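take a look and give me a structure for this.
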Amino acid sequence: MIRINRILVLTAVTSLLSAATLCVNSRSPAFGSGGASPQAPSTVSRMEEIVQDSVSRKVFMGTVLVARGDEILLDKGYGFANLELDVPDTPSTKFRLGSVTKQFTAAAIMLLQERGKLSVDDLVKKYMPDAPAAWDKITIFNVLTHTSGIPNYTGFPDYQPLQGIPTTPGKLVARFLDKPLDFQPGERYSYSNSGYVLLGYLIEKISGESYERFLQENIFTPLGMNDSGYDSNTAIIPHRAEGYAPGPTGIVNADYTDMTVPFAAGALYSTTEDLLRWEKGLYGGKLLKPDSLVKMTTPFKNNYAFGLEVRTVNGHKVINHGGGIQGFNTMVAYYPDDKLEVIVLSNINGAAPQDLTAKLAAVAHGEKVTLSSERKQIQVDPKVYDGYTGRYQLTPTVTLTITREGDHLFSQSSAQPKSEIFPEAENDYFMKTADVQITFVTDSQGRATELILHQNGQDRHAKRIEGDAPVPK
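Got it, this is the predicted structure:
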């Protein structure tokens, strides 16, 4: 499934990676080394500790790149691109990007607008006059910002059976063309891979070129991204990583997906170093005109702009997007105020890229990061737990359930296994299997009215919705 790491993952990936871990130093002097600040050695050392913590917990293997301005702080590979052949992950390893693809699709739309081929305010039906009446008010802007109402085809019941079968952009669009809209255009936000498939279809229709060729000629080649492209199940692509997933008894090869299926919503591949070229090209004014870049990075609803999320985390503006596809999870983040780029690509499914990106950025900003392995469990009266048990609404579709079993407290997210949480203060708890913390906000009698979930550098509040429990005595 093509997905962005928006749903919080509350359980650790328990798959077993190879015992060996390989780190490869940067080989990218072309980006410049800059002048290291006096704090740089300790900063880089802490970054290494953070990545190695995820590696040692067997939740990450892949590549990491952190750069500030022209200075490369970290550029290494960890683990293996191919476990069966013992081929290491290196900075030149190519990873499937999943939904990180969407920002390239959005940039392609902006290039077409700059050339007078379209306007993001155009109705989609201008280019698809035979589209159903339900699409009469859908604009390209709506599609870019996930506010079109077009249902998400990767959530359809037939998605799994069809994901391994080659298709075409036209056939992909036909899957959702006649489906009822989830809501009226512009009414609200709902993440939809269908929308970005539709954008790829429009790029081909309007430009007269394939999506793959348009990106190659207008983005990859001009920016010197020689290790990026549209992935293929049949082509020989040197240095391409294999994708893996956690299984019940250890790591397994990821499910097969024909790369024509994710198309413009998630079919690209790249390296950390090429993605740095992309970031410098996009935000450095080498690709789009200034007004186009402003338009592309201005959020509309739910912090979403065009193929990018824009938010403020701990006082720092960040423009980012994550991706997930069978065997791969990715995160690319840019902090414009201090020209900080953090890029994490993983060839094992899990939330590590999102988690690592937040932590590495925090260290680069001089903030304190406490790893799960550094947290200390204390003893509390288990009766306190009774004030915390119940259900908490995290998002409209995700709840957290807190339960007590004897002297142990557990948290369980919707459709996820439960995980034990451990006290480091009477109201503060942490997981040992994932870097997740929970703070319970209580009333004067010790009953929790809400909880705060701390994960990936973000604090999410969840109000208690049911599950009254006896007040602790």
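
CA only for contacts and neighbour counts going forward, please
Noted.

got the phi/psi numbers for P88?
phi -80, psi 150 (degrees, to the nearest 10).

leaving out sequence neighbours, find the closest residue to it.
F80 (4.0 Å; C-alpha to C-alpha, 6 or more residues apart in numbering).

any idea how many residues pack against that neighbour?
By other C-alpha atoms under 10 Å, the residues close to F80 number 28.

kindly report the same for D231.
So D231, with other C-alpha under 10 Å, has 23 neighbours.

ok, V143 next?
By the criterion of other C-alpha under 10 Å, V143 has 28 neighbours.

can I assume it sits in a strand?
No: counting by DSSP: H, G, I helix; E, B strand; the rest coil, V143 is not found in a strand; it is helix.

neighbours of the spatially closest residue to it that is not a sequence neighbour, how many?
Distances taken as C-alpha to C-alpha, 6+ apart place G195 nearest to V143, at 5.2 Å, with adjacent residues excluded. Neighbour count of G195, defined by other C-alpha under 10 Å: 28.

now swap in the one 4 residues further on and tell me
By the other C-alpha under 10 Å criterion, the neighbourhood of L199 contains 26 residues.

same thing with A333?
That count, for A333 with other C-alpha under 10 Å as the rule, works out to 24.

would it count as being in a strand?
Yes: looking at A333 with three-state DSSP, it is inside a strand.

helices of the stretch 251-400 of the chain, start to end?
263-266, 272-283, 290-296, 352-364 (DSSP state H, counting those that start in this stretch).

let me have those helices in JSON lines, extended by mean pLDDT, mean neighbour count and distance to M331.
Shown next, in JSON lines, are the helices of the stretch 251-400 of the chain (pLDDT from 0 to 100; neighbours: other C-alpha atoms under 10 Å; distance: least, C-alpha to C-alpha, whole Å):
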{"stretch": "helix 263-266", "mean pLDDT": "98", "mean neighbour count": "30", "distance to M331": "13"}
{"stretch": "helix 272-283", "mean pLDDT": "98", "mean neighbour count": "21", "distance to M331": "10"}
{"stretch": "helix 290-296", "mean pLDDT": "98", "mean neighbour count": "15", "distance to M331": "18"}
{"stretch": "helix 352-364", "mean pLDDT": "96", "mean neighbour count": "24", "distance to M331": "6"}
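
quick check: the gap between I325 and S119.
30 Å (C-alpha to C-alpha, to the nearest Å).

compare neighbour counts for those two and give me the winner.
I325 (25 against 16).

tell me what the spatially most central residue of the chain is bridged to.
Nearest residue to the geometric centre of the chain (C-alpha atoms, centre = their mean): G322, 1.9 Å. On the basis of DSSP bridges, G322 is bridged to M331.

show the model's pLDDT score for it.
In the predicted model, G322 carries a pLDDT score of 98.

tell me the contacts of it?
Contacts for G322 (C-alpha atoms under 8 Å, 6 or more residues apart in numbering) come out as 4-5, 98-100, 329-332, 354.

could you give the number of residues near the closest residue to K280 other than its chain neighbours?
Counting by C-alpha to C-alpha, 6+ apart, the nearest residue to K280 once its immediate chain neighbours are dropped is K286, at 7.9 Å. The number of residues packed near K286 is 15, by other C-alpha under 10 Å.

distance check, K286 against L223.
Where L223 is concerned, K286 sits at a distance of 8 Å (C-alpha to C-alpha).

where are the low-confidence patches of the stretch 351-473 of the chain?
Confidence mapping of the stretch 351-473 of the chain against pLDDT under 70 gives the ranges 467-473.

one more time with 80
Scanning the stretch 351-473 of the chain for pLDDT under 80 picks out 415-416, 433-434, 456-458, 466-473.

re earlier: is it true that the residue nearest to P88 touches D89?
Yes: look at F80 against D89 with C-alpha atoms under 8 Å: they come within range, at 4.7 Å.

and P238, that's in a strand?
No: assigned with three-state DSSP, P238 falls outside any strand and is coil.

and it, what's its pLDDT?
Value listed for P238 in the pLDDT field: 97.

ok, the one 3 residues further on next?
Model confidence at A241, given as pLDDT, is 98.

quick one: residues contacting the closest residue to it other than its chain neighbours.
Excluding the flanking residues, the one nearest A241 by C-alpha to C-alpha, 6+ apart is A81, at 4.4 Å. With contacts defined as C-alpha under 8 Å, 6+ apart, A81 is in contact with 62, 87-89, 93, 240-242, 347.

quick check: beta-bridge partners of L345?
Under the criterion used (DSSP bridges), L345 bridges to T63, T330.

who's in contact with it?
62-64, 95, 97, 271-272, 328-331, 353.

and of those residues, the nearest to H461?
For those, the residue nearest H461 by C-alpha to C-alpha is P353; the value is 22.4 Å.

residues contacting that closest one?
P353 neighbours (C-alpha under 8 Å, 6+ apart): 60, 329-331, 344-346.

can we see that at 6 Å?
For P353, the contact set (C-alpha atoms under 6 Å, 6 or more residues apart in numbering) comprises 330-331, 344.

who wins for neighbours among the residues you listed?
In terms of neighbour count, T330 stands highest of these at 32 neighbours, by other C-alpha under 10 Å.

got the angle for the longest helix seen in the chain vs helix 352-364?
Ranked by residue count and defined by DSSP state H, the top helix of the chain is helix 40-56. Angle between the axes of helix 40-56 and helix 352-364 is 160 degrees (criterion: axes from the mean of the first three to the mean of the last three C-alpha atoms, to 10 degrees).
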